[in-house]
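K.L.:
have a look; sequence and predicted model below, questions after that.
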Amino acid sequence: MDAYTCIISKRDTRSYADKPIPPEALRRILQAGRMAGSAKNTQHWRFVLLEERARKQELAACGQYAAHIPSAAVVVAIVMPEQGRDFDAGRAAQNMMLAAHADGITSCPVSMHDQECARRVLGLPEGHRVPIVLAFGYPPAAARAPGVPRTPLDDLVHRGGW
């Protein structure tokens, strides 16, 4: 799949088949996150992987809209130091989700609303936080079509000012 098709066809998915992600595919996903740009090339992000259902359930309790996390094959928490930029975490997250999509693996980003809970569950060192958690898995056999259509481009673009 070419890059443009990958970008315009990717949709968040909160339902996953009970199928593991092969190690080589997971490595490509993580490598894509590692290769994201960052402000002044600081590369502050670190990735914490969860594959055990019980650990994923613990982490799901830290987010308000995270009920789908335990059913994902792999969960990647993007961890940043307090001074790290959320924008950089977002760039790493988008790279990972697109790399996964190119391999037929679906994903969904999740916010951790209770940061203290997420820090405790992940055993983070002092001064670190979790701006984004990514759930990855293969789509279920009866995958749903995307819901709300995208806003037309002409409704989004304003040339020369608003």
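P.N.:
Happy to help now that I have it. Numbers count the residues shown, from 1 in each chain.
K.L.:
strands of this structure, start to end?
P.N.:
46-50, 74-81, 106-110, 128-137 (DSSP state E).
K.L.:
distance to Asp155 for these - can I get that in JSON lines?
P.N.:
Quick note: C-beta positions are derived from backbone N, CA and C, even for glycine. Below are the strands of the chain laid out as JSON lines (distance: least, C-beta to C-beta, whole Å):
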{"stretch": "strand 46-50", "distance to Asp155": "36"}
{"stretch": "strand 74-81", "distance to Asp155": "31"}
{"stretch": "strand 106-110", "distance to Asp155": "24"}
{"stretch": "strand 128-137", "distance to Asp155": "27"}
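K.L.:
out of these, which is closest to Arg150?
P.N.:
strand 106-110 (16.9 Å; C-beta to C-beta).
K.L.:
what does the closest one rub up against?
P.N.:
11-14, 16, 63, 65-66, 68-69, 93, 96-97, 100-101, 132-139, 143 (C-beta atoms under 8 Å, 6 or more residues apart in numbering).
K.L.:
just the buried members of those residues?
P.N.:
For the contacts of strand 106-110, a burial check counting by 16 or more other C-beta atoms under 10 Å picks out 11, 13-14, 16, 63, 66, 68-69, 93, 96-97, 100-101, 132-139.
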